[in-house]
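> make a model of this:
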Amino acid sequence: MSTRPSTHKARHLAVAIGGWAVLLGVPARAERAWPVVDLPAHAQNWSVGDALEVGGVPMRIRGFLSDRPRDEVARSLRQSLGRPMVESRLGDKLILGRADGGFYLTVQLESVAGGTRALVAVSDLESAARHREQAQRPAQAWLQRLPADSRILSQTASRDGQRLSSQLVYSNGAGGAFNGRALTALMQEDGLQLQHDATTGTASDGRVMWFKGVGKEATAVIGRLPDGRSSVVLNTVTALEVMP
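Residues are numbered from 1 along each chain as shown. Take a look at the predicted model:
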């Protein structure tokens with residue numbers, strides 16, 4: 001039986017490696033070329049992926065098989081990776097790791113019949129941190145406009161031709177009537193006027209509001225979560241040609 005891991009299994013291993021590296025909190029530096037880990041010359045190697053993203057972290061992963069014992073392979077890699085180095089164990093696997101600028105290099109080694117199997121991952125933590133910060137900016141902008149105690153549960157956007165669709169889901173401790181008034185004022189600031197306002201079932205079960213403006217429209221559904229907090233699902237569609 002081949003000891004080469006399947007892509008599916010390798011991706012699961014990549015998740016573990018990526019999550020472990022992120023917890024180390026490597027400081028960011030100026031962007032530069034991806035570092036390369038020198039693999040043993042005698043090893044049979046293959047690419048798992050040169051453009052992977054695991055948990056929001058861009059990664060490049062290679063695997064290799066060596067007919068040498070794991071300790072011998074580890075000694076060689078310690079020399080090529082350099083210092084300082086972090087070593088740990090995950091079950092029967094030996095993990096070597098080192099920060100390199102805004103990147104983190106991880107090698108996972110395990111003994112197999114006839115030698116050693118390894119996964120080598122390079123994680124771009126600097127880019128991941130920068131992208132997370134950029135992704136948080138729209139949410140922070142919304143929180144400044146929403147009622148106090150609001151929590152954003154999800155925020156998504158998609159493009160279909162010349163139409164940009166977005167969805168914002170948030171919750172807060174205010175009542176449905178207060179959220180309706182606050183949302184009406186917020187939509188007016190964005191150039192949309194309330195066109196229709198209806199309840200579904202009883203007033204506490206749900207409320208549907210429809211807004212319209214020049215080249216854009218929005219629908220909001222106000223309901224109540226099991227914990228008693230109000231929930232608001234706001235869907236907005238905007239024609240790209242009218243966007244500033």
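> run a quick neighbour tally on Ser116.
Small correction: residue 116 is Thr, not Ser. 23 (other Cβ atoms under 10 Å). C-beta coordinates here come from the backbone N, C-alpha and C atoms, glycine included.
> what's the spacing between it and Asp92?
Noted for Thr116: a distance of 12 Å to Asp92, by Cβ to Cβ, to the nearest Å.
> pull up the overlap in contacts between the two.
Glu110 (Cβ atoms under 8 Å, 6 or more residues apart in numbering).
> and Asp124, what does it touch?
Asp124 is in contact with Trp34, Val57, Pro58, Met59, Gly102, Phe103, counting by Cβ under 8 Å, 6+ apart.
> and which of these is nearest to Leu164?
Among the contacts of Asp124, Pro58 lies closest to Leu164 (Cβ to Cβ), at 25.3 Å.
> my read is that the closest one contacts Ser123, right?
Yes. Counting by Cβ atoms under 8 Å, Ser123 is a contact partner of Pro58 at 7.4 Å.
> these two: which is more packed in?
Ser123 (30 against 19).
> Three-state assignment for that one, please.
With DSSP: H, G, I helix; E, B strand; the rest coil as the basis, Ser123 sits in strand.
> any idea what it is bridged to?
In this entry, Ser123 is beta-bridged to Met59, Tyr104, by DSSP bridges.
> quick one: it and Ile61, what's the gap?
9 Å.
> repeat that for Gly102.
Distance from Gly102 to Ile61, by Cβ to Cβ: 18 Å.
> could you do Thr238 as well?
38 Å.
> and Arg159, by the same measure?
Distance from Arg159 to Ile61, by Cβ to Cβ: 30 Å.
> between those two, point out the one with more neighbours.
Shown here are Arg159 and Ile61; by other Cβ under 10 Å, Ile61 has more neighbours (23 against 10).
> with adjacent residues omitted, what lies nearest to the more buried one?
Once flanking residues are discounted, Ile61 sits nearest to Val48: 4.0 Å by Cβ to Cβ, 6 or more residues apart in numbering.
> now do the one you found: how many residues are near it, please.
So Val48, with other Cβ under 10 Å, has 21 neighbours.
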